[in-house]
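Trainee: What follows is a predicted structure for the sequence shown.
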Amino acid sequence: MKISDELVQHIAHLARLEFEGDDLNQIKGDLSKIIGFMDKLSELDTKNVEPLIFMTDKVNVLREDQSERILTSEDALKNAPKKDSDYFRIPKVLDKKS
């Protein structure tokens with residue numbers, strides 16, 4: 001597949017990127033290498049190869065969730081710039097409109 005400036009500009013537009021000058025030529029070269037690699041893969045005989053769903057046959061071993069108190073309220077509020085009893089105080093973010 002021939003990689004043209006127009007094709008690179010179209011792909012760049014879809015990806016919201018801009019390439020000019022040397023960058024355009026470098027991207028054209030990179031895309032040509034990628035296409036060449038994919039063409040090389042298509043030469044392989046995969047008739048009797050089962051498709052992979054997972055890259056490994058390992059199974060995740062998950063632990064049980066255990067609730068534990070690691071950080072106390074006092075520790076969490078210790079370095080807060082502003083606090084009010086058990087809460088962080090922050091500037092108002094939303095205004096109520098009547």
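Mentor: Nice, thanks for sending it over. Numbering: from 1, shown residues only.
Trainee: Quick one: name whatever helix or strand follows the longest helix along the chain.
Mentor: Longest helix of the chain, by residue count under DSSP state H: helix 22-41. On the C-terminal side of helix 22-41, the closest following helix or strand by DSSP states H and E is helix 73-77.
Trainee: Show me what counts as buried in the longest helix of the chain.
Mentor: Ile27, Lys28 (16 or more other C-beta atoms under 10 Å). All C-beta spots, glycine's among them, are computed from the backbone N, C-alpha and C.
Trainee: same question for it, mean pLDDT?
Mentor: Across helix 22-41, the average pLDDT comes to 91.
Trainee: can you list contacts of it?
Mentor: Met1, Ile3, Asp5, Leu7, Val8, Gln9, Ile11, Ala12, Phe19 (C-beta atoms under 8 Å, 6 or more residues apart in numbering).
Trainee: repeat for stretch 79-98
Mentor: Contacts for stretch 79-98 (C-beta under 8 Å, 6+ apart): Ser73, Leu77.
Trainee: Output that stretch as CSV, restricted to C-alpha atoms.
Mentor: Taking C-alpha atoms only, stretch 79-98 is exported to CSV below (Å, rounded to 0.1, in the frame of the first residue of the first chain):
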residue,chain,number,x,y,z
ASN,A,79,-3.0,18.5,57.2
ALA,A,80,-6.2,20.0,55.7
PRO,A,81,-6.0,23.7,55.2
LYS,A,82,-9.6,24.2,56.3
LYS,A,83,-11.7,21.8,58.2
ASP,A,84,-15.0,21.8,60.1
SER,A,85,-15.3,19.1,62.8
ASP,A,86,-15.3,15.9,60.7
TYR,A,87,-15.3,17.5,57.2
PHE,A,88,-13.0,19.2,54.7
ARG,A,89,-14.0,22.8,54.0
ILE,A,90,-13.7,23.8,50.3
PRO,A,91,-14.8,26.8,48.3
LYS,A,92,-18.4,26.8,47.0
VAL,A,93,-18.4,25.1,43.6
LEU,A,94,-22.1,25.3,42.6
ASP,A,95,-24.5,28.1,43.0
LYS,A,96,-28.2,27.5,43.7
LYS,A,97,-30.4,29.2,41.2
SER,A,98,-33.9,30.1,42.3
